[in-house]
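# 3D, please:
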Amino acid sequence: MTSEYDYLFKLLLIGDSGVGKSCLLLRFADDSYTDSYISTIGVDFKIRTLNLDGKVIKLQIWDTAGQERFRTITSSYYRGAHGIIIVYDTTDMESFNNVKTWLSEIEKYASENVNKILVGNKCDLVTKKAVDAQMAQDFADSLGIPFLETSAKNSTNVEEAFVRMATDIKTRLAVSGEAKTASRPNLQNPPPAKKDEGCC
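Next up is the predicted model:
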C-alpha cells in the first residue's frame, strides 16, 4: 500500500503572545485571516501538504501559546520538532528583544540540529514599524538562520516562510541520512485547544 506522503515534518510556531502566530498558521493552512482571532491556550495544530522536488511533504504545524503561564505546557512540544519558526511583531520592539529568550527555550528543549527561521510578522503596518528589517536580518545572520518579514493579513511571504522551512529540513535530513526517521512519526492529537480573548 502506498503512503499518501513521503515525509511528515513537525513544525513549531513560537514567540510572544499577540505577534500573530495563529494568524500565520491560519493563512498558510486555510488561506484565511481574521482581525478578531483570539489567543491560543496551550497548543493547537493544523496540517498542510506540500509538493517539493517531486516529494509529498506533510507539515504538522503546532501553534503554541506565547503567555508565560503556558510555558511549561508547551515545552514538551519542542521534542521531536524538525523545524521552529520564531515569530516577532515588527511593530513591537519588545517582542523582537524577547526572541533571545525564545532561542534559549529552543536550546533547552529542542533537538540540537533543529531548523530555525526568524519571522517578523505584521510588515503591512508600515507606519507603526518599530523593528528595522536590516537589524533583524543582521541578527538572523549572526545566528546562521534565514529571516523573512511577513504579513498574515495580506499574505506577504507567508507561503515562502513555510516552504523555506520545509525545504531546509528536507535538505538537512537528506544530507544527514535521517530522512527515514522523519517519514513516520507518531501523529498524536493534542487535547482540544481553548481560546482566550486577545488579538493576533
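# so what secondary structure elements neighbour the helix or strand hosting Ala136?
If you go by DSSP states H and E, Ala136 is part of helix 133-143. Applying 3 or more CB pairs under 8 Å, 6 or more residues apart in numbering; DSSP states H and E, one finds that helix 133-143 contacts strand 115-121, strand 147-149. In this view, the C-beta of every residue, glycine as well, is placed from N, C-alpha and C.
# how far is it from where the chain is centred?
Relative to the centre of its chain, helix 133-143 is centred 18 Å away, using CA atoms, centre = their mean, to the nearest Å.
# which residues does that helix contact?
88, 90, 96, 99, 103, 116, 118, 120, 123, 146-147, 149 (CB atoms under 8 Å, 6 or more residues apart in numbering).
# among those, which two are most distant?
Leu103 and Cys123 (21.1 Å; CB to CB).
# more neighbours, those two?
The residue with more neighbours, out of Leu103 and Cys123, is Cys123; 22 against 17, by other CB atoms under 10 Å.
# please go through the protein and pick out the longest helix.
Looking across the chain with DSSP state H, the single longest helix is helix 158-176.
# buried residues, that one. List them.
158, 161-162, 164-170, 172-173 (16 or more other CB atoms under 10 Å).
# do the same with stretch 129-142
129, 131, 136-137, 139-140.
# want to throw those into JSON lines with pLDDT?
JSON lines is the format used below for these (pLDDT from 0 to 100):
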{"residue": "Lys129", "pLDDT": "98"}
{"residue": "Val131", "pLDDT": "99"}
{"residue": "Ala136", "pLDDT": "99"}
{"residue": "Gln137", "pLDDT": "99"}
{"residue": "Phe139", "pLDDT": "99"}
{"residue": "Ala140", "pLDDT": "99"}
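# any idea which of those is the one closest to Gly18?
When those are compared against Gly18 (criterion: CB to CB), the nearest one is Val131, at 14.4 Å.
# could you confirm that closest one falls within a strand?
No - applying DSSP: H, G, I helix; E, B strand; the rest coil, one finds Val131 to be coil, outside a strand.
# how many neighbours does the closest residue to it other than its chain neighbours have?
Spatial nearest neighbour of Val131, chain neighbours left out: Phe96 (4.5 Å); criterion: CB to CB, 6 or more residues apart in numbering. Close neighbours of Phe96, defined as other CB under 10 Å, add up to 23.
# could you pull out the helices for the chain?
Using DSSP H, helices in the chain cover 21-30, 71-75, 93-97, 99-109, 133-143, 158-176, 179-183.
# and those: which comes nearest Asp53?
helix 158-176 (7.5 Å).
# which secondary element of this protein has the worst mean pLDDT?
Among the helical and strand segments of the chain, the one scoring lowest on mean pLDDT, DSSP states H and E is strand 194-196, with a mean of 48.
# if we can go back for a sec, what angle sits between the helix holding Ala136 and helix 99-109?
Here helix 133-143 runs at an angle of 20 degrees relative to helix 99-109 (axes from the mean of the first three to the mean of the last three CA atoms, to 10 degrees).
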